[in-house]
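Chemist: Got a predicted structure here, sequence first:
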Amino acid sequence: MKKILVIGEIKDQELRNVSFEVITAARKAANGGEVVSVLLGNECEEMAGQLFDHGADRVVIVDHPDLNRYTTDAYKQALLQVIEKEEPNGIMMGHTSIGKDLAPRVATKLDSGLISDVIAIEEEDEELVYTTPIYSGKAFEKRTFEDDFIFITIRPNNFELPEVDNSRSGEVIKYDAEIKDIRTIIKNVAKKASEGVDLSEAKVVVAGGRGLKDADGFNSLYELADLLGAAVGASRGACDADFCDYSLQIGQTGKVVTPDLYIAVGISGAIQHLAGMSNSKVIIAINKDPEADIFGVADYGIVGDLFEIIPILIEELKEL
Ligand code: FAD
């Protein structure tokens, strides 16, 4: 039986889904032990209830003005102090931009191993085995820890959300943390006017490539995405050509997404793009070139001119 600390991730004063998915992952590893959600933030106590609803056994909170927004120094110090007090057998967090930054630094301080970007946890020969994609998702590697302490980051959207039970509750423990010598001060966060659905957590993604010709062509994707409740993504080709912002880029050097449905529009399917989306559950590709590589990973393919197909899709969806 293990005690696993799982990190709740807060964005715009709301818990991100990965905060709950990590509870599912921890249940698999805890072997009937305790799953403790950790909230590092400012005025975040009221979020504890949601963590209990999603299966946390206990919630630990460090509430501090310096934790209002993520900075490496403040979060690392706060988490290390929680770890010292809780003495867990394992730590899990999302493989998000925060997790990718925080986990290796904390693992180094603890002198522990770290397995990043885990997409599955299974028991084999009475040992927990962690699966991670390698070679840009072309192959999968199964790894284990040499000692008993586990430290992993999980890929968002890969583990099921736990079943919600609003009748659950539990103990909330508040720890003080001494936070000092922060080298980064966030003075302002500039946001785009409309952010829409969060790309890395979206269940449906409509992604556009250079085939959309220009920024105007790219805009037609937003209408389609609105009708589907989807997030809009892009290939690097589309970002490089200035059709859209780089924050939409999916792939090896962009975001990794694993939605239930991925619609690739005018994207050729370069290996670097596939690295960011080939684990999507269902992939639909729209491309005028029947030889395009994207059809190699697609479950459904539409060969044709996207400028004819997208308006038809939009009209049909409006009818529903
Ligand atoms: P193209 O390859 O130009 O494909 C456009 C597609 O649109 C074609 O298949 C064409 O048939 C189709 N098309 C054109 N007109 C129409 C039409 N009217 N109707 C239907 N289809 C049409 N790329 C990424 O996406 N993400 C990454 O993270 C990434 N990282 C990289 C890292 C490195 C180190 C390198 C070297 C490259 C990286 N790339 C990445 C770039 C990648 O190699 C490709 O260049 C890029 O993905 C191509 O974008 P695209 O598919 O939009 O454009």
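Modeler: Everything's here; your move.
Chemist: Need the pLDDT of residue 197.
Modeler: Residue 197 is assigned a pLDDT of 78 by the prediction.
Chemist: Check the spacing between the residue lying closest to it once chain neighbours are set aside and the ligand real quick.
Modeler: Leaving aside its chain neighbours, residue 197 sits nearest to residue 231 (4.0 Å; criterion: CB to CB, 6 or more residues apart in numbering). The C-beta positions use only the backbone N, C-alpha and C, and glycine is treated the same way. Distance from residue 231 to the ligand, counting by CB to the nearest ligand atom, to the nearest Å: 16 Å.
Chemist: Go ahead and confirm residue 231 touches residue 205.
Modeler: Yes - Residue 231 is within contact range of residue 205, at 5.3 Å (criterion: CB atoms under 8 Å).
Chemist: near the ligand, which residues of the stretch 101-250 of the chain show up?
Modeler: 209, 210, 211, 235, 236, 237, 238, 249, 250 (CB under 6 Å from any ligand atom).
Chemist: residues contacting the third one?
Modeler: If a contact means CB atoms under 8 Å, 6 or more residues apart in numbering, then residue 211 has 265, 266, 267, 268, 287, 288, 306 as its contacts.
Chemist: Could you export those residues as CSV, including pLDDT and neighbour count?
Modeler: Converted to CSV, the contacts of residue 211 look like this (pLDDT from 0 to 100; neighbours: other CB atoms under 10 Å):
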residue, pLDDT, neighbour count
265, 98, 28
266, 98, 30
267, 98, 31
268, 98, 18
287, 98, 26
288, 98, 15
306, 97, 23
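Chemist: For the ligand, tell me which of these show up nearby.
Modeler: 266, 267, 268, 287, 288, 306.
Chemist: ok so, going back, most widely separated two among the contacts of residue 211?
Modeler: 268 and 306 (12.6 Å; CB to CB).
Chemist: so what sits against both of those two?
Modeler: What both residue 268 and residue 306 touch, as defined by CB under 8 Å, 6+ apart, is the set 211, 287.
Chemist: picking up where we left off before, between the residues of the stretch 101-250 of the chain next to the ligand, which has the most around it?
Modeler: Within these, neighbour counts (other CB atoms under 10 Å) peak at residue 235, which reaches 33 neighbours.
Chemist: so how far is stretch 25-33 from its chain's centroid?
Modeler: 20 Å (CA atoms, centre = their mean, to the nearest Å).
Chemist: ok, now stretch 222-240?
Modeler: 17 Å.
Chemist: got the residue ranges for the helices in the protein?
Modeler: 18-30, 48-53, 72-86, 97-110, 215-228, 236-240, 271-274, 306-319 (DSSP state H).
Chemist: For the third one, which helices and strands make contact with it?
Modeler: It stands for helix 72-86. strand 3-8, strand 34-41, strand 58-63, helix 97-110 (3 or more CB pairs under 8 Å, 6 or more residues apart in numbering; DSSP states H and E).
Chemist: Just the C-alpha atoms of the longest one, please, in PDB.
Modeler: The C-alpha trace of helix 97-110 is given here as PDB (Å, rounded to 0.1, in the frame of the first residue of the first chain):
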ATOM      1  CA  SER A  97       3.900  22.900 -19.200                       C
ATOM      2  CA  ILE A  98       4.000  23.100 -15.400                       C
ATOM      3  CA  GLY A  99       4.600  19.400 -14.900                       C
ATOM      4  CA  LYS A 100       7.400  19.300 -17.500                       C
ATOM      5  CA  ASP A 101       9.100  22.200 -15.700                       C
ATOM      6  CA  LEU A 102       8.500  21.200 -12.100                       C
ATOM      7  CA  ALA A 103       8.800  17.400 -12.000                       C
ATOM      8  CA  PRO A 104      12.500  17.100 -13.100                       C
ATOM      9  CA  ARG A 105      13.500  19.800 -10.700                       C
ATOM     10  CA  VAL A 106      11.800  18.200  -7.700                       C
ATOM     11  CA  ALA A 107      13.000  14.700  -8.700                       C
ATOM     12  CA  THR A 108      16.600  16.000  -8.800                       C
ATOM     13  CA  LYS A 109      16.200  17.400  -5.300                       C
ATOM     14  CA  LEU A 110      14.800  14.100  -4.100                       C
END
